[in-house]
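Participant: When you get a sec, could you give me coordinates for this:
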Amino acid sequence: RLDVNVSKGMNHLLKSPWCVHPKTGRVCVPVAVADCEDFDPSAVPTLRSIADDLDGASGKDISSTRLSAYEAVFDSFLNGMEKSIRAERALEKKASLDF
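Facilitator: Below is the predicted model:
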């Protein structure tokens, strides 16, 4: 849903992964660009559903909750960023040696 506040307010446009919406309890999750057309915001985990997952799980980490698929998306993003930064630093290092 888009309304005036959502489209112009900075606090509506920028959300960190894993923050929780104060009214709905839904967790802000990362979504792969390739999957954005199929993304259903009403299907994201809520704080309550995650707590239920953790209560029924033997492990107490994110991989035992409904957030695990989103964690994989976030890890992929971070790995891509790390690879890009390493490549950039390698080029800078090479350029500084080529004076």
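Participant: all helices for this structure, in order.
Facilitator: 4-8, 10-13, 47-56, 68-97 (DSSP state H).
Participant: measure the residue sitting nearest the centre point of the chain to residue 94 for me?
Facilitator: With distances taken as CA atoms, centre = their mean, the residue of the chain nearest its centroid is residue 30 (2.7 Å). When distance is defined by CB to CB, to the nearest Å, residue 30 is 32 Å away from residue 94. In this view, the C-beta of every residue, glycine as well, is placed from N, C-alpha and C.
Participant: same check, this time on residue 19
Facilitator: Where residue 94 is concerned, residue 19 sits at a distance of 39 Å (CB to CB).
Participant: just residue 75 next, same as before
Facilitator: Going from residue 75 to residue 94 by CB to CB gives 29 Å.
Participant: By mean pLDDT, flag the weakest helix or strand of this structure.
Facilitator: For the chain, counting by mean pLDDT, DSSP states H and E, helix 10-13 ranks last in confidence among helices and strands (a mean of 59).
Participant: Nearest to residue 36, out of the helices of the chain?
Facilitator: Closest to residue 36 of those is helix 68-97 (CB to CB; 10.9 Å).
Participant: Any buried residues in the closest one, and which?
Facilitator: For helix 68-97, the neighbour count (16 or more other CB atoms under 10 Å) marks 70, 71, 73, 74 as buried.
Participant: Same check on stretch 24-36?
Facilitator: By 16+ other CB under 10 Å, the buried positions in stretch 24-36 come out as 26, 27, 29, 30, 31.
Participant: Now do the contacts for the first one.
Facilitator: I take that to be residue 26. If you count contacts by CB atoms under 8 Å, 6 or more residues apart in numbering, residue 26 has them with 20, 41, 44, 45, 46.
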